[in-house]
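Novice: based on what follows, work out the 3D shape:
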Amino acid sequence: MKRSLLVVVAMSALASSSAMASADLAKAKNCMACHAVANKLVGPAFKDVAAKYAGQKDAEAKLTAKVLKGGAGAWGAVPMPANPQVSEAEAKTLVKWVMAQK
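Specialist: As a prediction, the model looks like this:
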(Lines give C-alpha, C1' and ligand atoms only; values in the text may rest on other atoms or scores of the structure.)
Protein backbone atom coordinates (compact mmCIF):
# COMPACT_ATOMS: atom_id res chain seq x y z
CA MET A 1 0.00 0.00 0.00
CA LYS A 2 2.76 2.44 0.93
CA ARG A 3 4.66 1.53 -2.22
CA SER A 4 1.60 2.21 -4.39
CA LEU A 5 1.12 5.58 -2.74
CA LEU A 6 4.78 6.41 -3.28
CA VAL A 7 4.48 5.53 -6.98
CA VAL A 8 1.39 7.74 -7.37
CA VAL A 9 3.12 10.65 -5.63
CA ALA A 10 6.24 10.23 -7.78
CA MET A 11 4.16 10.10 -10.98
CA SER A 12 2.26 13.24 -9.97
CA ALA A 13 5.49 15.08 -9.25
CA LEU A 14 6.90 14.08 -12.63
CA ALA A 15 3.76 15.18 -14.44
CA SER A 16 3.64 18.55 -12.73
CA SER A 17 7.37 19.16 -13.19
CA SER A 18 7.00 18.24 -16.87
CA ALA A 19 4.15 20.73 -17.25
CA MET A 20 6.19 23.36 -15.44
CA ALA A 21 9.22 22.58 -17.58
CA SER A 22 7.15 23.16 -20.72
CA ALA A 23 5.84 26.48 -19.39
CA ASP A 24 9.42 27.43 -18.63
CA LEU A 25 10.43 26.32 -22.13
CA ALA A 26 7.67 28.48 -23.62
CA LYS A 27 9.05 31.46 -21.69
CA ALA A 28 12.64 30.67 -22.62
CA LYS A 29 11.81 30.33 -26.33
CA ASN A 30 9.89 33.64 -26.29
CA CYS A 31 6.47 32.09 -27.00
CA MET A 32 4.97 34.16 -24.20
CA ALA A 33 5.83 37.39 -26.02
CA CYS A 34 2.82 36.75 -28.28
CA HIS A 35 0.81 34.05 -26.47
CA ALA A 36 -0.66 33.43 -23.02
CA VAL A 37 -2.27 30.31 -21.63
CA ALA A 38 -5.76 31.70 -21.14
CA ASN A 39 -5.94 35.04 -22.96
CA LYS A 40 -5.40 36.23 -26.51
CA LEU A 41 -2.42 38.55 -26.87
CA VAL A 42 -0.90 39.06 -30.32
CA GLY A 43 -1.58 35.40 -31.05
CA PRO A 44 -4.28 33.09 -29.73
CA ALA A 45 -4.41 31.77 -26.18
CA PHE A 46 -2.87 28.32 -25.86
CA LYS A 47 -6.16 26.97 -24.48
CA ASP A 48 -7.89 28.20 -27.66
CA VAL A 49 -5.28 26.49 -29.83
CA ALA A 50 -5.82 23.27 -27.88
CA ALA A 51 -9.59 23.53 -28.32
CA LYS A 52 -9.36 24.26 -32.05
CA TYR A 53 -7.07 21.31 -32.78
CA ALA A 54 -8.54 18.84 -30.25
CA GLY A 55 -9.23 15.46 -31.79
CA GLN A 56 -7.32 16.13 -35.01
CA LYS A 57 -4.93 13.27 -35.74
CA ASP A 58 -2.39 15.48 -37.45
CA ALA A 59 -2.56 18.36 -34.95
CA GLU A 60 0.82 17.68 -33.33
CA ALA A 61 2.65 17.52 -36.67
CA LYS A 62 0.78 20.53 -38.06
CA LEU A 63 1.44 22.68 -35.00
CA THR A 64 5.07 21.57 -34.70
CA ALA A 65 5.64 22.69 -38.29
CA LYS A 66 3.92 26.00 -37.54
CA VAL A 67 6.12 26.60 -34.49
CA LEU A 68 9.25 25.93 -36.54
CA LYS A 69 8.32 27.57 -39.88
CA GLY A 70 5.67 30.09 -38.90
CA GLY A 71 2.37 30.54 -40.67
CA ALA A 72 -0.51 32.86 -41.42
CA GLY A 73 -4.26 32.88 -41.79
CA ALA A 74 -5.36 30.36 -39.16
CA TRP A 75 -5.98 33.01 -36.49
CA GLY A 76 -6.38 36.24 -38.43
CA ALA A 77 -4.17 38.66 -40.29
CA VAL A 78 -1.15 38.67 -37.96
CA PRO A 79 1.34 36.00 -39.10
CA MET A 80 3.29 33.80 -36.73
CA PRO A 81 7.00 34.14 -37.49
CA ALA A 82 9.35 31.20 -37.87
CA ASN A 83 11.22 30.25 -34.71
CA PRO A 84 14.76 29.16 -35.66
CA GLN A 85 15.78 29.22 -31.99
CA VAL A 86 13.45 26.25 -31.32
CA SER A 87 14.64 22.73 -32.13
CA GLU A 88 12.22 20.16 -33.50
CA ALA A 89 12.28 18.26 -30.18
CA GLU A 90 11.53 21.47 -28.28
CA ALA A 91 8.71 22.31 -30.70
CA LYS A 92 7.14 18.88 -30.12
CA THR A 93 7.42 19.36 -26.35
CA LEU A 94 5.81 22.78 -26.59
CA VAL A 95 2.99 21.52 -28.81
CA LYS A 96 2.21 18.63 -26.44
CA TRP A 97 2.08 21.13 -23.58
CA VAL A 98 -0.15 23.52 -25.54
CA MET A 99 -2.50 20.69 -26.50
CA ALA A 100 -2.85 19.77 -22.81
CA GLN A 101 -4.18 23.24 -21.90
CA LYS A 102 -7.83 23.43 -20.86
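Novice: which stretches in the chain count as helices?
Specialist: With DSSP state H, the ranges of helices along the chain come out as 2-28, 46-53, 59-69, 88-99.
Novice: worst average pLDDT in those helices?
Specialist: Between the helices of the chain, the one with the least mean pLDDT is helix 2-28; it has a mean of 59.
Novice: now residue 52: how far from residue 34?
Specialist: 16 Å (C-beta to C-beta, to the nearest Å). Glycine gets a C-beta too; all of them are placed from N, C-alpha and C.
Novice: ok, now residue 68?
Specialist: If you measure residue 68 against residue 34 using C-beta to C-beta, the figure is 15 Å.
Novice: so which of these two has more stuff around it?
Specialist: Taking residue 68 and residue 34 together and counting by other C-beta atoms under 10 Å, residue 68 has the greater number of neighbours (17 against 14).
Novice: counting neighbours, what do you get for the closest residue to the more buried one other than its chain neighbours?
Specialist: Of all residues beyond its chain neighbours, the one nearest residue 68 is residue 91 (5.3 Å), with distances taken as C-beta to C-beta, 6 or more residues apart in numbering. Residue 91 is surrounded by 21 other residues when neighbours are defined as other C-beta under 10 Å.
Novice: I'd say residue 91 and residue 62 touch.
Specialist: No - counting by C-beta atoms under 8 Å, residue 62 is not a contact partner of residue 91; they are 11.5 Å apart.
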